[in-house]
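> Pasting the sequence and the predicted coordinates here, then a few questions.
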Amino acid sequence: MMRKILGFLLAPVLAGCLTSTPPEVAHWVVDYDGRVEAAKTAKYGVARLTQVQVRAPYNRDDLVVMCADGTVAFDPCNSFAAAPPQLVKWVAFDALSASGLFDRVVGSSSGARTPVSVEVVLNRLALDCRQEGERIAVAAALVRILQDGAVVAVAKGAGTADAKAGDYGKAFSSAISESINAALKQLR
């Protein structure tokens, strides 16, 4: 009996499970890529970016991978450097500021009074690996504009970027920026 217990306890050591080093994790950041055609006139005045949400399961730090069988997996070797809503907030802020739709954009913690507020939701943020040999960063955004608490405009946009090279920060920066810019373009 004692031999069985000892054998069971030594099995992981003999198999190398406790001595192998875990793979290193790459932590990716996202930035606004700045490719936008600005509106000629500010349509909405001064605005506050009040909230940025990323829907589950895409709100995890680990990259979400869309699989061919319709499931999702979480990449243990690649993650975002912070919670996706925190990273996307600054991409959204820069996109709103560059859009030309607003006189100015302030953050949610600003003390400025603004009649206009903006909400951004990413409905998808994943690495699409459903086609064999392809890795595509995908993002889908919804932008909601409120005036004095009432919804005055809603638009959706999508973005993709090739991620085969493995630079997930660049690919997701491009896909997120494209998705928000596409939604803002509809609001002109």
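It's in.

> Okay, now the unreliable bits of this structure?
For the chain, applying pLDDT under 70 flags the ranges 1-22.

> one more time with 90
1-24, 34-41, 188 (pLDDT under 90).

> Please, where are all the helices along the protein?
2-14, 84-98, 168-186 (DSSP state H).

> now what about the second one, what contacts it?
Under the criterion Cβ atoms under 8 Å, 6 or more residues apart in numbering, residues 29-32, 34, 36, 38, 47, 49, 52-54, 58-61, 80-81, 102, 104-105, 107, 118, 120, 122, 125, 173, 176-177, 180-181, 184 lie in contact with helix 84-98. Every residue, glycine included, has its C-beta placed from N, CA and C.

> do stretch 154-170 as well
Residues contacting stretch 154-170 (Cβ under 8 Å, 6+ apart): 26, 28-31, 63, 78, 124, 127-128, 134-145, 171-187.

> picking that back up, among the contacts of helix 84-98, name the ones in strands.
Per DSSP state E, strands hold the following members of those: 47, 49, 52, 53, 54, 80, 104, 105, 118, 120, 122, 125.

> what's near enough to touch the second one?
Looking back up the chat, that one is residue 49. Contacts of residue 49 (Cβ under 8 Å, 6+ apart): 89, 92, 93, 96, 105, 106, 107, 108, 117, 118, 120.

> Now do the contacts for the last one.
Remark: with contacts taken as Cβ under 8 Å, 6+ apart, residue 120 is in contact with 49, 51, 52, 53, 88, 92, 141, 142, 143, 144, 180.
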